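K.L.:
Could you work out the structure for the sequence below:
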Amino acid sequence: MKKIILILILIATSIYAGDVARKGTTGAEQVLIPVGARGIATGGAFLANITGLESIFYNPAGLDVYPQTEAMFSYVNYLADINISYFAIGTSLGDIGSIGLDLKTFDFGDIPVTTETFPDGTGETYSPSFLTIGFTYSKVLTDRISIGTNLKIISENIQNTNATGFALDAGVQYRFSEALMIGAAVKNIGSDMNYSGQDLASRTIIPGTIPGASSGSYEVITEGFQIPSFFQLSMTYALNINEQNNLMFAGAYTANNSFEDIANLGMEYGFMNNFFVRGGYNFLFDNSSEYIYGLTFGAGLDYKLGGEVGFVFDYAFRDVKDFPTANHVFTIKLSFQ
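P.N.:
Coordinates of the predicted model:
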């Protein structure tokens, strides 16, 4: 099994090497925006050991590691007054594995409608609707290996024009011991998308006819675009200082298919498994000065409300270059054993 995992990692790395020449050729960029305060605070580096509903985005192999019923809500104050809401729910099916459902939506606010005739606005407004719906299945195969996959539907609507696509994530986690873990995931492998709809239709005068006497209609055919796929490889080392204090360090390599590759670094300090302080950093292997993201940090509280009910509150801050209002992320989770 170890040999199979290593072969898959080598193949995926060779296929999904960063290609800066393809910048700007993909769409559906919303699938790249991370969710979950813990994952964001640690720089997205904990693919090897992330578990529960937060693993759906980072590495779906972690959903079944600790079987339970769980609900999660996360809110991101993103760039340019865009807000992101994320909801997920999952449960264990016993020996069959664990399943989860997730929904990510975007709130763009009201945008003025402009036309060639009214470039300053018609007085009307619209709000695009971007959402991603996913279904996840995860299974612990042995005490060391877990696998998972997430199938998602991506939908973008701008007034009466829309595009829909399908994508697949797949991941694996391998635990050498309680202290050392590796993880790998392939993200956003799916169909091309293209826009269509009545807003792309237009009427025109047929050449060679008298204006007003004859006209025709046509619809603009848009060019399809790919969903931004990438591959990630991660390693986590856990250091148990004593019964009350522990540290975890992680590093990840993100091989993008349409822009530069990224290094992800993260750490987490835990006190009595109840209070956590986290930090992370991301940088490009090439053209690092062009990357708008960098430092991340946050904190979390994990509290048992009763014998079988757990409550988690996490916060994360993500520094964004040239944007005075950076990303603030809040996550609430409830779990039932």
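K.L.:
Tell me where the stretch 1-150 of the chain has strands.
P.N.:
69-77, 83-92, 98-107, 111-112, 125-126, 129-140, 145-158 (DSSP state E, counting those that start in this stretch).
K.L.:
and the ones you listed as JSON lines, adding mean neighbour count?
P.N.:
Quick note: C-beta positions are derived from backbone N, CA and C, even for glycine. Formatted as JSON lines, those follow (neighbours: other CB atoms under 10 Å):
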{"stretch": "strand 69-77", "mean neighbour count": "20"}
{"stretch": "strand 83-92", "mean neighbour count": "19"}
{"stretch": "strand 98-107", "mean neighbour count": "19"}
{"stretch": "strand 111-112", "mean neighbour count": "13"}
{"stretch": "strand 125-126", "mean neighbour count": "12"}
{"stretch": "strand 129-140", "mean neighbour count": "20"}
{"stretch": "strand 145-158", "mean neighbour count": "20"}
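K.L.:
These into TSV, with extra columns for distance to Tyr237 and mean pLDDT?
P.N.:
Output for the strands of the stretch 1-150 of the chain, formatted as TSV (distance: least, CB to CB, whole Å; pLDDT from 0 to 100):
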stretch	distance to Tyr237	mean pLDDT
strand 69-77	26	94
strand 83-92	27	95
strand 98-107	26	96
strand 111-112	46	87
strand 125-126	49	88
strand 129-140	21	96
strand 145-158	18	95
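K.L.:
what about the ones you listed, which gets the closest to Val35?
P.N.:
Among the strands of the stretch 1-150 of the chain, the nearest to Val35 by CB to CB is strand 83-92 (4.2 Å).
K.L.:
what's in contact with the closest one?
P.N.:
33, 35-36, 52-53, 56, 63-64, 67-78, 98-107, 136 (CB atoms under 8 Å, 6 or more residues apart in numbering).
K.L.:
got the CA coordinates for it in CSV?
P.N.:
C-alpha atoms of strand 83-92 as CSV (Å, rounded to 0.1, in the frame of the first residue of the first chain):
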residue,chain,number,x,y,z
ASN,A,83,-18.9,37.8,2.1
ILE,A,84,-18.7,34.0,2.0
SER,A,85,-20.9,31.6,4.0
TYR,A,86,-20.1,28.0,4.3
PHE,A,87,-22.3,25.3,5.8
ALA,A,88,-21.5,21.5,6.2
ILE,A,89,-23.0,18.5,7.9
GLY,A,90,-21.7,15.0,8.2
THR,A,91,-22.3,11.7,10.0
SER,A,92,-20.7,8.3,10.4
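K.L.:
What pairs with it, parallel or antiparallel?
P.N.:
The strands beside strand 83-92 in its sheet (DSSP bridges) come out as strand 69-77 (antiparallel), strand 98-107 (antiparallel).
K.L.:
Tyr293 is nearest to which of the ones you listed?
P.N.:
Tyr293 sits nearest to strand 69-77 of all these, at 13.2 Å, using CB to CB.
K.L.:
what's the spacing between Thr254 and Ala28?
P.N.:
To Ala28, Thr254 is 17 Å away according to CB to CB, to the nearest Å.
K.L.:
still on that earlier bit, and the strands of the stretch 1-150 of the chain as CSV, adding distance to Asp302?
P.N.:
Listed next are those as CSV, based on distance: least, CB to CB, whole Å:
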stretch, distance to Asp302
strand 69-77, 13
strand 83-92, 17
strand 98-107, 19
strand 111-112, 40
strand 125-126, 42
strand 129-140, 21
strand 145-158, 21
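K.L.:
Could I get the strands paired with strand 83-92 in a markdown table, plus columns for distance to Leu265?
P.N.:
Shown next, in a markdown table, are the strands paired with strand 83-92 (distance: least, CB to CB, whole Å):
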| stretch | distance to Leu265 |
| --- | --- |
| strand 69-77 | 21 |
| strand 98-107 | 25 |
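K.L.:
So which of these is nearest Gly280?
P.N.:
Of all the strands paired with strand 83-92, it is strand 69-77 that lies closest to Gly280, at 15.6 Å by CB to CB.
K.L.:
I would like the residues contacting that closest one, please.
P.N.:
Contacts for strand 69-77 (CB under 8 Å, 6+ apart): 33, 35-37, 52-54, 83-92, 325, 327-336.
K.L.:
Which parts of the stretch 151-300 of the chain are strands?
P.N.:
With DSSP E, counting those that start in this stretch as the definition, the stretch 151-300 of the chain shows strands at residue ranges 161-175, 180-190, 196-197, 201-205, 215-219, 230-240, 245-256, 262-271, 275-284, 293-304.
K.L.:
Which strands or helices does the third one pack on?
P.N.:
For strand 196-197, the packing partners by 3 or more CB pairs under 8 Å, 6 or more residues apart in numbering; DSSP states H and E come out as strand 161-175.
K.L.:
Given the strand it packs on, what are its sheet partners and their directions?
P.N.:
Strands that pair with strand 161-175, judged by DSSP bridges, come out as strand 145-158 (antiparallel), strand 180-190 (antiparallel), strand 196-197 (antiparallel).
K.L.:
buried ones in that strand?
P.N.:
By neighbour count on 16 or more other CB atoms under 10 Å, the buried set for strand 161-175 is 161-163, 165, 167-175.
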